[in-house]
Every structure is written in structure tokens, then in C-alpha cells.
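Participant: here is my input, please return the structure:
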Amino acid sequence: MEFSYLGHSGMKVSKLCLGTMNFGVFTDETDAFRIMDEALEAGINFFDTANVYGRGENAGRTEEIIGRWFAQGNGRRAKVILATKVYGDMHDPMDGPNRYAGLSAYKIRRHLEGSLRRLRTDHIELYQMHHIDRNVTWDELWGIFTALVQQGKVDYIGSSNFAGWDLAVAQYEAKARHFLGLVSEQHKYNLNTRLPELEVLPAAENLGIGVIPWSPLDGGLLGRNALNPLNVSRSAENKERILRNRDKLLAYEKFAASIGAPQDTIALAWLLANPVVTAPIIGPRTSEQLQESLKALELKLGEAESRALDEIFPGPGGAAPKAYAW
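Facilitator: As a prediction, this is how the structure comes out:
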């Protein structure tokens, strides 16, 4: 396993991050335990979850599964760099009018305590804002996050789904308070979703923020079975996306065959080659999918392969400000 620093922090994490969103939804607890055991054995020390995972009224179920896995002992908790998130609705009537999406200091404190309880731990290595909340000032946000770090409940703060502007403001406000600020930004970024290259990635690189791409396979669109007509489990929305991107996907399938690697492996390897990327989040539903994802660490794409992929999946035309100015 390869490791890299998480943004401008001194903490090293594995180059693949284990996403757990499927645990308790599509993956039962027994299989989830097996996947986490195998991930740890393979050297993946970076696990990502969120308090809302489990879906709707079952929000918190995924954290509970991870907590029961930690409770098995054998050093599991000590070996894992754990990331979770706060922002969404936990469907807790005790939250009252503060149950809905948001990031007040009141809600952050309450929801962190809930995550710690479900995860059966006393601290979180990376606590992430799941979305920006522009109704809350940075005075309030950095105030509560500073307190949580000082209390030892949280080590580092990250963001998710922030714009480049949000990252810049967050770091400016953190520096004014002599606080480390953000060390990571979790963002949707993949071969077919390259708009972040215009603002988010340049901002993150300049500000020392590690990028953690979610949906590296674009919801399965970049997987090896995207064009398989026998895949009847697709939603109507996914079928429409496949039709809309069919020419790209056919070219991508041909490219994958030419270099002898499956599409999903290529998509992960392409992200891993980007120095701004800390670790793509893989979300295996099965042990087999986890083992396939690990193969991306072995695939190194050359300049010719990268150019071919750019032709199939063109980016936004360059980073800011050049993409705007000329």
C-alpha cells in the first residue's frame, strides 16, 4: 500500500480510502465486517463514513456497524484513521428545529457526540463538513471546531462539496485565528466529472488541502459493466446517463481493451496519478469489488494513455484563471 500526507497535515493516509456508504444498505453487517478486515489487511488505513449513512430514518446505521466492528478489538480502532461527517438530518426529534441540514455550533456538538457513541470511540481523526452552510459565520464554525480539537475529540477538520471560493474563505478565516483550518476537501471528481479542475483543484493545491474524490467511477458509469445490456438493475436515470454518454463509453471500452485493463481500474489509476488527489474513495459492496479496486495501485498510466483519456473525456479547458482569460 502507498501512503501520502493528508493535505498540509502531518498525518499519512493510504492512497485508497474505504467508503462505507453501502454498509447497512446494500451490504449486510457480516459482509461489511469482512470488507473492513480485508481492507485493513491490504494496508488501507483510511475509512470514510458519515452520520447520515444508513439512509433516511436509518441514519446512523453505518456508523453503528463500524462501531461494532471496532468493538471486536485486536487493535482495529487504533489502526484506522477514521473520517465522518456532519450536516444532514439525523431524524432525531430531540434536535427540534435544528434537525434539518445545517452546521450550527449547537448541531455540530450534538451530532459529534452521537457519532462518537455509535462508532464506540472517543475521538475522530477527520471531522468533515458534509456541505457548506452559508447561514453560519466562520466565527461560529472555527470557534466550535477549535474547541473540539482542543478537547481531543477531533484531530483535523475537512470539508466536502465546497466550491473553490469556499475553500479560500475557510483558510483565510482559519489563518486569522491561528488555526490549521481545512486539511481536506471531499469532492465529486472523476474522468467524466472534470469541472473541479477549473477552480476546486487549483484552490486546494494552492491552499494545501488534500482532495478526496468521491464517486470515482461516476456512479458506475466508468465501470466495466456500464454497457452490459444484461445489467437490468439500473435505474431509469442511470440508463439515461448511459445513453447520453454512449459514444464516450464505447471509446473508453475500446481504450481499456487496448491496454488490457478494466475500465474501473483505469478510472482509479487516473485519479491516483494526480498529485492533488490524496485518496479516491472506493465503495465496495462485496469483498470481490474491494480486491478489484486494489489493482488500481499497480496500474501506472503513461503520457500517451493520459492523452488518450483526455480525448475521450475532455476537461474544462484548463485551470483558473487561464481557462477564463485565454
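
Participant: low pLDDT regions in the stretch 151-300 of the chain?
Facilitator: Counting by pLDDT under 70, the stretch 151-300 of the chain has low-confidence residues at 230-234.

Participant: quick one: the helices in it, in order.
Facilitator: Using DSSP state H, counting those that start in this stretch, the helices of the stretch 151-300 of the chain run over 164-176, 200-207, 236-244, 246-259, 263-272, 287-294.

Participant: other residues contacting the last one?
Facilitator: By that I understand helix 287-294. Helix 287-294 has contacts (C-beta atoms under 8 Å, 6 or more residues apart in numbering) with 16, 18, 31, 34-35, 38-39, 42, 262, 264-265, 268, 282, 284. Every C-beta, even on glycine, is put in place using the N, C-alpha and C of the backbone.

Participant: wait, Leu148 touches Tyr127, no?
Facilitator: Yes - under the criterion of C-beta atoms under 8 Å, Leu148 makes contact with Tyr127 at 7.0 Å.

Participant: who has more neighbours, the two?
Facilitator: Tyr127 (24 against 20; other C-beta atoms under 10 Å).

Participant: hang on, the more buried one in a strand?
Facilitator: Yes - checked against DSSP: H, G, I helix; E, B strand; the rest coil, Tyr127 lies within a strand.

Participant: what's the closest non-adjacent residue to it?
Facilitator: In space, and not counting its chain neighbours, Tyr127 is closest to Val154: 4.4 Å by C-beta to C-beta, 6 or more residues apart in numbering.

Participant: around Asp92, how many other residues sit close by?
Facilitator: Number of residues near Asp92 (other C-beta under 10 Å) recorded here: 14.

Participant: show me what contacts the nearest residue to it once chain neighbours are set aside?
Facilitator: Leaving out its chain neighbours, the residue that sits closest to Asp92 by C-beta to C-beta, 6+ apart is Arg99, at 5.9 Å. Residues counted as contacts of Arg99 (C-beta under 8 Å, 6+ apart) are 89-93.

Participant: next: Asn238.
Facilitator: For Asn238, the contacting residues are 219-221, by C-beta under 8 Å, 6+ apart.

Participant: what of Ile132?
Facilitator: 159, 161-163, 166.

Participant: which of the residues you listed sit farthest apart?
Facilitator: Across the contacts of Ile132, no pair lies farther apart than Ser159 and Ala163, at 10.0 Å, counting by C-beta to C-beta.

Participant: these two: which is more packed in?
Facilitator: Ser159 (25 against 16).

Participant: and the contacts of Asn238 as CSV, adding distance to Glu292 and neighbour count?
Facilitator: Formatted as CSV, the contacts of Asn238 follow (distance: C-beta to C-beta, whole Å; neighbours: other C-beta atoms under 10 Å):
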residue, distance to Glu292, neighbour count
Gly219, 17, 17
Gly220, 13, 17
Leu221, 16, 23
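
Participant: which member of those residues is positioned nearest Ala236?
Facilitator: The closest of these, once distances to Ala236 are taken by C-beta to C-beta, is Gly219, at 13.4 Å.

Participant: please tell me how far the closest one sits from Gln171.
Facilitator: 30 Å (C-beta to C-beta, to the nearest Å).

Participant: Asp218 too?
Facilitator: 28 Å.

Participant: where along this structure do the strands fall?
Facilitator: 3-5, 12-14, 17-19, 46-48, 81-86, 124-129, 154-160, 182-188, 210-214, 281-282 (DSSP state E).

Participant: pull the residues that contact the first one.
Facilitator: If you take C-beta under 8 Å, 6+ apart as the criterion, strand 3-5 is touched by 11-15, 45, 210, 278-279.

Participant: just to revisit the earlier point, find residues that contact each of Leu148 and Tyr127.
Facilitator: Joint contacts of Leu148 and Tyr127 (C-beta under 8 Å, 6+ apart) are 112, 154.

Participant: contact partners for the residue nearest the centre of the chain?
Facilitator: Geometric centre of the chain, nearest residue: Trp214, 4.0 Å, by C-alpha atoms, centre = their mean. Trp214 is in contact with 19, 160, 186-189, 281, counting by C-beta under 8 Å, 6+ apart.

Participant: kind regards, and thank you for your time.
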